[in-house]
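Student: sequence and predicted structure below; questions after.
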Amino acid sequence: MKSVISRILGLWGLKLTRVHRASGAGPYSALFQNRKVTDLDNLVEIASPIPGMLTEEAGKCLFTLCYTQQLRGDVVEIGSWQGYSTSFLARAVAESGNGRMYAIDHFKGNAGKESFYAVEKSDLSDLQEKFRENMQHLDLAQTVSLLSMPNQEAAEQLSREAVQVRFLFIDGDHSREGVQRDVDLFFPFLTKGSIVVFDDCSPSAPGVMEVVDRLFHGNGCERVFTFSNTAVVVI
């Protein structure tokens, strides 16, 4: 874990230093008197009640990438479900003061796999309400702009708002067609130096791997690395 985050920080000339955890400090370390400092272990702890399919390692890396990124712009997440991954990205936006956070999800699950997304109600009718409750509980409701709609409509909304995206997290439909559609819809909002993170980039989701590999063929990737079935691409 340390080596992954250290590599991310090294891209910006920063260094990871281990300190003792502070209990009862919410998302912050209580070691310092003059500034609130976000503690990654605390972020994992406060997000732990939220159902999620992302690993703790991936959550920490999402925060680190988004928080330390120097490029100005907004953050877009495709596929939020109950807000576990959203909590790390939204906290990075709030703490960095860099841009706005958009979470995109129609809360209907992926076609043919709807049962995987049920929390309490099998018809998924409670998913959006619970997402909002989770963001409220983490004091992130004012940071997150939820676009509860199909991706096509969300892209049109972003276009109307003239959004420029510095960080894009793609974790929606993992089929080749679904991932390619997300690339086609949201890559036009990226600027040079933007970071794109593809979740589930592994043999278990060949569609994701195929689309990412096609990006390499197009020579549009400045830097690439992988961790924990996740691909990180700098455009």
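Tutor: Nice, I can see it.
Student: hey, which strand is longest across this structure?
Tutor: Longest strand in the chain, counting residues (DSSP state E): strand 190-199.
Student: list the buried residues in the helix or strand following it.
Tutor: The C-terminal neighbour of strand 190-199 among helices and strands, as given by DSSP states H and E, is helix 206-217. Of all the residues in helix 206-217, those buried under the rule 16 or more other C-beta atoms under 10 Å are Gly207, Val208, Met209, Val211, Val212, Leu215. Quick note: C-beta positions are derived from backbone N, CA and C, even for glycine.
Student: and of these, the nearest to Leu140?
Tutor: Top of the list for closeness to Leu140, among the buried residues of helix 206-217 and by C-beta to C-beta, is Val208 at 26.9 Å.
Student: the closest residue to that closest one other than its chain neighbours: what's it in contact with?
Tutor: Leaving aside its sequence neighbours, Val208 sits nearest to Cys201 (C-beta to C-beta, 6 or more residues apart in numbering; 4.8 Å). When contacts are counted by C-beta atoms under 8 Å, 6 or more residues apart in numbering, Cys201 touches Val208, Met209, Val212, Thr226, Asn229, Thr230, Ala231.
Student: ramachandran angles for Thr38?
Tutor: Thr38 adopts backbone torsions of phi -70, psi 130, taken as degrees, to the nearest 10.
Student: beta partners of it?
Tutor: Tyr28 (DSSP bridges).
Student: got the contact list for the residue lying closest to Val197 once chain neighbours are set aside?
Tutor: With C-beta to C-beta, 6+ apart as the criterion, Val197 has its nearest non-adjacent residue at 4.8 Å, and that residue is Phe169. The neighbours of Phe169, taking C-beta under 8 Å, 6+ apart as the test, are Leu62, Val75, Val76, Glu77, Ile78, Gly79, Ser85, Leu89, Val196, Val197, Asp199.
Student: any idea how far Phe169 is from Arg91?
Tutor: Phe169 sits 14 Å away from Arg91, going by C-beta to C-beta, to the nearest Å.
Student: what does Lys192 give?
Tutor: Look at Lys192 and Arg91: by C-beta to C-beta, they are 26 Å apart.
Student: again, but for Asn98
Tutor: 12 Å.
Student: secondary structure class for the residue of the chain positioned farthest from its centre?
Tutor: In the chain, counting by C-alpha atoms, centre = their mean, Gln33 sits farthest out from the average C-alpha position, at 30.1 Å. Three-state call for Gln33 (DSSP: H, G, I helix; E, B strand; the rest coil): coil.
Student: so which of Lys192 and Arg91 has more stuff around it?
Tutor: Arg91 (26 against 8; other C-beta atoms under 10 Å).
Student: check contacts around the more buried one.
Tutor: Pro27, Thr38, Leu43, Phe63, Tyr67, Leu138, Leu140, Thr143.
Student: Gly193 - how many residues pack around it?
Tutor: 15.
Student: sorry, slip of the keys, the one I care about is Ser159.
Tutor: Residues near Ser159, counting by other C-beta under 10 Å: 12.
Student: quick one: pLDDT of it?
Tutor: We have a pLDDT of 98 for Ser159.
Student: make CSV from the contacts of Phe169 and add secondary structure to it.
Tutor: Shown next, in CSV, are those (three-state DSSP):
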residue, secondary structure
Leu62, helix
Val75, strand
Val76, strand
Glu77, strand
Ile78, strand
Gly79, coil
Ser85, helix
Leu89, helix
Val196, strand
Val197, strand
Asp199, strand
